[in-house]
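1. Return atomic coordinates for the entry below.
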Amino acid sequence: MDQNVIAGVGNIYSDEVLWASSVHPEQRVSKLSEKQKKEIFKNLKVILLKSIKLGGDSMSDYRNPYGEKGRFQDFHKVYRKTGQKCGKRGCSGIIKRIIVGGRSAHFCPLHQVLSPQNF
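-> Model (predicted):
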């Protein structure tokens, strides 16, 4: 979530990447394992490429130069899904929304657990 670490990744994509990587949005970067870092990087590439192929995300007001909406919002797993059941296979969590560093974050409290060594 910290723009000083990776700038330009907005709320939509940070929520989706952390959800896919099973990383809690309040997890300190310094406390991430190598495996978690690799998973985040892998999912960042996969999710951004998918969004590009789908023409971006038009949940709000984005339109391409031709005035057309993107379709990535049709594939959200967690962004703006507060109160809905988590879509991860085998997970029965309910999506929650919190504020982290002044930004909203959507996550599943069951599979995106904040690790105890975070503190």
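2. so what's the residue most central in space within the chain up against?
-> Taking CA atoms, centre = their mean, the centroid of the chain lies closest to residue 15, which sits 1.8 Å from it. Contact partners of residue 15, counting by CB atoms under 8 Å, 6 or more residues apart in numbering, are 25, 78-79, 105-107. Any C-beta I mention is one placed from the backbone N, CA and C, and that applies to glycine too.
3. Is it possible to get a markdown table of the residues you listed that adds secondary structure?
-> Conversion of the contacts of residue 15 to a markdown table gives the following (DSSP: H, G, I helix; E, B strand; the rest coil):
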| residue | secondary structure |
| --- | --- |
| 25 | coil |
| 78 | coil |
| 79 | coil |
| 105 | strand |
| 106 | strand |
| 107 | strand |
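4. For those residues, give me JSON lines that also has distance to residue 97.
-> Shown next, in JSON lines, are the contacts of residue 15 (distance: CB to CB, whole Å):
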{"residue": "25", "distance to residue 97": "10"}
{"residue": "78", "distance to residue 97": "10"}
{"residue": "79", "distance to residue 97": "10"}
{"residue": "105", "distance to residue 97": "7"}
{"residue": "106", "distance to residue 97": "5"}
{"residue": "107", "distance to residue 97": "8"}
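5. Show me which helix runs longest in this protein.
-> The single longest helix within the chain, with elements called by DSSP state H, is helix 34-53.
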